[in-house]
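Asks: just the structure for this:
(one chain, ligands or ions: 2)
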Amino acid sequence: MSDTPLLKVENLKTQFFTDAGTVRAVDSVSFTVERGEIVGLVGESGAGKSVAVQSILRLVDSPGRIVGGEITFDGKTIVGFEEDTDETENPVRREEMLSDSEMRSQIRGNEIALIFQDPMESLNPVFTVGEQLCEFIELNRGLTGKDVRERAIEILREVGIPQPDERFDDYPHQFSGGMRQRVLIAMALGCEPKLIIADEPTTALDVTVEGQIIDLVYDLQKEYDTSFLWVTHDMGIVAEICDRVNVMYLGELIERAGVDDLFYDPQHPYTEALLNSIPRPNQAGELQPLKGSMPEAIDPPSGCRFHDRCPDATEACTRTHPNLRRVTEDEQWAACIKHDVFEAGYETSRQLSSEGVSVVGENSE
Ligand SMILES: Nc1ncnc2c1ncn2[C@@H]1O[C@H](COP(=O)(O)OP(=O)(O)OP(=O)(O)O)[C@@H](O)[C@H]1O
Ligand code: NI
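Replies: Residues are numbered from 1 along each chain as shown. Ligands and ions are numbered 1, 2, ... in the order given. Coordinates of the predicted model:
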């Protein structure tokens, strides 16, 4: 049991059935989170990171639907379909797949907690921070009376709220953005989850506060051994806290690696381009902003979805769809036909060259 990953996502497909066509927001994505790990999910805006997270919690909004794949969490089947139902609008659920009420009572906010970008959305402005935290603890941990208040104050102290017994009676608007995010982390911890999913939780904060929150998460992770799935478009944050990283591009996973391998020896040109666009210690040349913007998931390019922005693309890349495969001795995986030259004819076909790279506008971030 303990050698199975805490979270396992396999060939997940989530699509939006819109009037304009089918948006393949998450297109056969697989990754795992092991116990006690902080795993990053990175990529530009629109890559499918949030939809992947919503799929794990089974919170995909209509007209979106999970149409294929399997998600298991701590021995439970969050998503599981009968075979051969892939890509139909109504795949048949397997018997062991958790019901909607089991998702609500056992998984969401209990075994898996979610932290969003905007804490105000998750906090109720008419109740004090303390009241909300207490309600949450009562609901999730079954404590009552004085114990609840004590636990709430203890957690507030733990997440670095100064004078927690006084701040307990404040309303959310009396807290700064960073403090509110700390309260959300307190709530997430309050239910002692096995996994915390953080979807760009520090994007709205200034750099100093962001740094403090990240330090806090790092410390808490050490203390509680909680696993994290950390969604961000910020490679700097990834470098700071993640053990392993999954890079998404246009609904697909294009590279997966341990954080050091990813930063020092990226195996996919998109990862390399992302890294070249941020300042980092071993920076060889000047910063190069990532050229162009990500195409629409409704009509992805043929072959490799990144080929029209890729500096290394050859003609073969417009034809061959690369699969994610292990490309180094370590656990480093990439989806690029550079790594299977003989099969796909990468080296023998014409370089698309710099003119082949369409430069349309600036990076979408
Ligand atoms: N309700 C919806 N209806 C139609 N398409 C949607 C809907 N929600 C998301 N999408 C599409 O799914 C794709 C993935 O979106 P998603 O929000 O997961 O991206 P993201 O990687 O989280 O980006 P960001 O960094 O901006 O949060 C996009 O093409 C988006 O337009
Ligand atoms: Ni998002």
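
Asks: for ligand 1, give me its nearest residue in the stretch 151-300 of the chain.
Replies: A297 (3.8 Å; CB to the nearest ligand atom). To be clear about C-beta, it is placed using only N, CA and C from the backbone, and glycine gets the same treatment.

Asks: what about the residue in the chain that ligand 2 sits nearest to, which SS state?
Replies: Nearest to ligand 2, among the residues of the chain, is S50, at 3.0 Å (CB to the ion). Judged by DSSP: H, G, I helix; E, B strand; the rest coil, the three-state class of S50 is helix.

Asks: that one contacts T232, correct?
Replies: No. Counting by CB atoms under 8 Å, S50 sits too far from T232 to count as a contact (11.1 Å).

Asks: tally of neighbours for the residue of the stretch 151-300 of the chain closest to ligand 1?
Replies: When counting by other CB atoms under 10 Å, one arrives at 22 neighbours for A297.

Asks: right, and it touches E44 too?
Replies: No. At 11.8 Å, A297 does not count as touching E44 under the criterion of CB under 8 Å.

Asks: now K194. Its backbone dihedrals?
Replies: phi -80, psi -30 (degrees, to the nearest 10).

Asks: can you tell me how far the nearest residue to it once chain neighbours are set aside is from ligand 1?
Replies: Using CB to CB, 6 or more residues apart in numbering and skipping residues adjacent in sequence, the residue nearest K194 is E111, 5.2 Å away. Using CB to the nearest ligand atom, to the nearest Å, E111 is found at 23 Å from ligand 1.

Asks: then L59?
Replies: From L59 to ligand 1 the distance is 11 Å (CB to the nearest ligand atom).

Asks: would you verify that that residue is located in a strand?
Replies: No. Counting by three-state DSSP, L59 is located in no strand; its state is coil.

Asks: residues contacting it?
Replies: R108 (CB atoms under 8 Å, 6 or more residues apart in numbering).

Asks: and if you look at E272?
Replies: Each residue near E272 by CB under 8 Å, 6+ apart is listed here: P266.

Asks: can I assume it sits in a strand?
Replies: No. Counting by three-state DSSP, one finds E272 to be helix, located in no strand.

Asks: the helices in this protein, which residues?
Replies: 49-56, 100-102, 119-122, 129-141, 146-158, 164-167, 177-190, 207-224, 235-241, 259-264, 269-276, 315-319, 341-344, 353-356 (DSSP state H).

Asks: can you lay out these as TSV showing mean pLDDT?
Replies: Formatted as TSV, those follow (pLDDT from 0 to 100):
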stretch	mean pLDDT
helix 49-56	97
helix 100-102	95
helix 119-122	75
helix 129-141	86
helix 146-158	91
helix 164-167	95
helix 177-190	86
helix 207-224	86
helix 235-241	90
helix 259-264	96
helix 269-276	92
helix 315-319	92
helix 341-344	65
helix 353-356	52
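
Asks: make a markdown table out of those helices and add distance to ligand 1.
Replies: Output for these, formatted as a markdown table (distance: least, CB to the nearest ligand atom, whole Å):
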| stretch | distance to ligand 1 |
| --- | --- |
| helix 49-56 | 3 |
| helix 100-102 | 19 |
| helix 119-122 | 14 |
| helix 129-141 | 26 |
| helix 146-158 | 28 |
| helix 164-167 | 31 |
| helix 177-190 | 17 |
| helix 207-224 | 16 |
| helix 235-241 | 13 |
| helix 259-264 | 18 |
| helix 269-276 | 13 |
| helix 315-319 | 22 |
| helix 341-344 | 27 |
| helix 353-356 | 24 |
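
Asks: which of the ones you listed sits closest to T77?
Replies: Judged by CB to CB, the one of the helices of the chain that comes nearest to T77 is helix 100-102, at 10.2 Å.

Asks: which residues sit against that closest one?
Replies: So helix 100-102 is in contact with R58, going by CB under 8 Å, 6+ apart.

Asks: what's the burial count for R104?
Replies: R104, neighbours per other CB under 10 Å, totals 13.

Asks: please tell me how far it sits from L59.
Replies: R104 is 10 Å from L59, where distance means CB to CB, to the nearest Å.

Asks: go on, G178?
Replies: 26 Å.

Asks: what about the residue nearest to F263 when sequence neighbours are not counted, distance to L275?
Replies: Distances taken as CB to CB, 6+ apart place A239 nearest to F263, at 6.0 Å, with adjacent residues excluded. As judged by CB to CB, A239 and L275 stand 9 Å apart.

Asks: which neighbours do these two share?
Replies: With CB under 8 Å, 6+ apart, A239 and L275 have common neighbours F263.

Asks: what ranges of the stretch 251-365 of the chain fall below the confidence cut-off?
Replies: 280-286, 341-344, 353-365 (pLDDT under 70).

Asks: quick check: residues of it near ligand 1?
Replies: Proximity of the stretch 251-365 of the chain to ligand 1 (CB under 6 Å from any ligand atom) is limited to residues A297.

Asks: what about the strands in the stretch 251-365 of the chain?
Replies: 252-258, 325-326, 333-334 (DSSP state E, counting those that start in this stretch).

Asks: dump these to CSV, plus mean neighbour count.
Replies: Formatted as CSV, the strands of the stretch 251-365 of the chain follow (neighbours: other CB atoms under 10 Å):
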stretch, mean neighbour count
strand 252-258, 24
strand 325-326, 12
strand 333-334, 24
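
Asks: can you redo those as JSON lines with distance to R24?
Replies: JSON lines is the format used below for the strands of the stretch 251-365 of the chain (distance: least, CB to CB, whole Å):
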{"stretch": "strand 252-258", "distance to R24": "9"}
{"stretch": "strand 325-326", "distance to R24": "21"}
{"stretch": "strand 333-334", "distance to R24": "20"}
